[in-house]
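Undergrad: predicted model and sequence below, questions to follow.
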Amino acid sequence: MNRAYKFRIYPNKEQRIMFAKTFGCVRFIYNKMLADKIKCYNDTGQNLKTTPAQYKSEFEWLKEVDSLALANAQLNLQAAYKNFFSRKGAGFPKFKSKKNSRMKYSTNNPNGSVRIENGKIKLPKVGFVKIVQHRQMIGTIKTVTIEKTPTNKYFVSILVEYENQVKTVNLQKFIGLDFSMHDLFVTSEGIKANYPQFFRKSEKKLSRVCRWLSKCEKDSNNRNKARLKVCRVYEKISNQRADFLNKLSYRLAENYDVVCIENLNMKAMSRSLKFGKSVMDNSFGKFRDMLSYKLYFRGKQLIVIDKFYPSSQICNKCGYKNPEVKDLSVRFWICPSCGEKHDRDINAAINIREEGKRIVAKNKISTVGHTGSNACGEGVRHYSQIEVIAQSSLKQEASAS
């Protein structure tokens, strides 16, 4: 099994220069190989196959940086071509811009060339760099990715491989989560997440620094200062959001065996002029990613209910389906069949939880349902097989009801 860890590093002046050279060489070799492929295809109709080593005789400065970083740039280009021809919606590979403020490169760990000793990490061609290792790693280092943020901070992401240590868990404690535009979600127990709306709280400050940036002369020192201020505001919002979502997903993964949520199309919802900002601010998709891998590492389950399941319309007491609740303005309603009073979000969360119990009972799931080698970590998608078990059956049930 693979797992990723991310730590901050503090390179000295010479190491920052080497990082800058590597970022530039990786960008150059990617763009050069892409341009040669396009030219060869336009001239001959054939696919050109080259390696970074073939360019080192013409561009000798490529020898100054880590050769594995250049090799990974080649692999990234090959993956981009493969996605373009095999994946629907994947665009043609694009040239990398020198003005991109977020730069990164990846290298491998052959023969233990990457290691952590005495608070420093050894990197090829760079040497020992000071690292803040806030947690212990388990396993063998496979690859590392060095990243420079727009605020000139450096981070290293370390991918390690270790034996599968996921323990068997009896799935007993269930909870349902219903998506909420302002609170992030409401649980089947009636508890709201109370998302702090970090972006909206920083809007005034963000608009002020963006206004300053727009008035600065291009390529001036004041513009660089203003750009850094804008980046710092965005970075703070991102860090606040990630911290809140990580702590929230951790508590859910620790206290419950099965978490049931809806399979919502957040991208389509974000296009709404009325709700787009709120949808993007709460970052429900990122929360789902965090919840998924945290549950997986504990041998627990994330069950994703089909989006066609009418969770808001069904009375959780008698099962009556009220089509009038399709109107989003209806926040409270009384069941015409049994007279039960319902809060729209709590009722939906209860129905999602019960549907999750039905799926677990139907498929007799008692342990983690996904095995194999997968990269799990911050920002890495990892969903268990249970998410798509009852998609077709739920659609039929929803249309029939």
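TA: Nice, I can see it.

Undergrad: who's in contact with the nearest residue to residue 270 once chain neighbours are set aside?
TA: Of all residues not flanking residue 270 in the chain, residue 279 sits nearest, at 4.5 Å (Cβ to Cβ, 6 or more residues apart in numbering). Backbone N, C-alpha and C define where each C-beta goes, glycine included. By Cβ atoms under 8 Å, 6 or more residues apart in numbering, the contact list for residue 279 reads 181, 266, 269-270, 272.

Undergrad: save these as JSON lines, and put in neighbour count and distance to residue 354 too.
TA: Listed next are the contacts of residue 279 as JSON lines, based on neighbours: other Cβ atoms under 10 Å; distance: Cβ to Cβ, whole Å:
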{"residue": "181", "neighbour count": "17", "distance to residue 354": "23"}
{"residue": "266", "neighbour count": "15", "distance to residue 354": "24"}
{"residue": "269", "neighbour count": "16", "distance to residue 354": "24"}
{"residue": "270", "neighbour count": "15", "distance to residue 354": "29"}
{"residue": "272", "neighbour count": "12", "distance to residue 354": "29"}
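
Undergrad: tell me which of the residues you listed is nearest to residue 88?
TA: If you rank these by distance to residue 88 using Cβ to Cβ, residue 266 comes first, at 19.0 Å.

Undergrad: tell me the contacts of that closest one?
TA: Counted by Cβ under 8 Å, 6+ apart, residue 266 has contacts 279, 284-285.

Undergrad: and these, which of them are in strands?
TA: Judged by DSSP state E, strands contain none of these.

Undergrad: thinking again about what came up before, would you reformat the contacts of residue 279 as a markdown table and include secondary structure and pLDDT?
TA: Putting the contacts of residue 279 into a markdown table (DSSP: H, G, I helix; E, B strand; the rest coil; pLDDT from 0 to 100) gives the following:
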| residue | secondary structure | pLDDT |
| --- | --- | --- |
| 181 | coil | 83 |
| 266 | helix | 81 |
| 269 | helix | 81 |
| 270 | helix | 80 |
| 272 | coil | 71 |
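
Undergrad: which among those residues gets closest to residue 163?
TA: residue 266 (34.8 Å).

Undergrad: would you mind measuring from the closest one to residue 316?
TA: Going from residue 266 to residue 316 by Cβ to Cβ, to the nearest Å gives 25 Å.

Undergrad: and what of residue 218?
TA: 59 Å.

Undergrad: who has more neighbours out of those two?
TA: Neighbour totals were compared for residue 218 and residue 316, and residue 316 leads with 21 against 5 (other Cβ atoms under 10 Å).

Undergrad: residue ranges with poor pLDDT in this structure?
TA: 273, 364-401 (pLDDT under 70).

Undergrad: can you tell me the element residue 145 falls in?
TA: Taking DSSP states H and E as the definition, residue 145 sits inside strand 140-148.

Undergrad: show me what that strand is packed up against.
TA: Other helices and strands packing on strand 140-148, by 3 or more Cβ pairs under 8 Å, 6 or more residues apart in numbering; DSSP states H and E, are helix 13-44, strand 103-108, strand 120-123, strand 154-161.

Undergrad: what do you get if the cut-off is 6 Å, keeping everything else the same?
TA: strand 103-108, strand 154-161 (3 or more Cβ pairs under 6 Å, 6 or more residues apart in numbering; DSSP states H and E).

Undergrad: leaving out chain neighbours, which residue sits closest to residue 175?
TA: Spatial nearest neighbour of residue 175, excluding adjacent residues (Cβ to Cβ, 6+ apart): residue 256 at 4.7 Å.

Undergrad: separation between the residue nearest to residue 270 and residue 265?
TA: Residue 279 is 10 Å from residue 265, by Cβ to Cβ.

Undergrad: same check on residue 103?
TA: Going from residue 103 to residue 265 by Cβ to Cβ gives 32 Å.

Undergrad: which one of these two has more residues nearby?
TA: residue 103 (19 against 10).

Undergrad: residue 22 is in contact with that one, correct?
TA: No - Residue 103 is beyond contact range of residue 22, at 9.1 Å (criterion: Cβ atoms under 6 Å).

Undergrad: name every strand pairing with the strand holding residue 145 and say which way it goes.
TA: strand 103-108 (antiparallel), strand 154-161 (antiparallel) (DSSP bridges).
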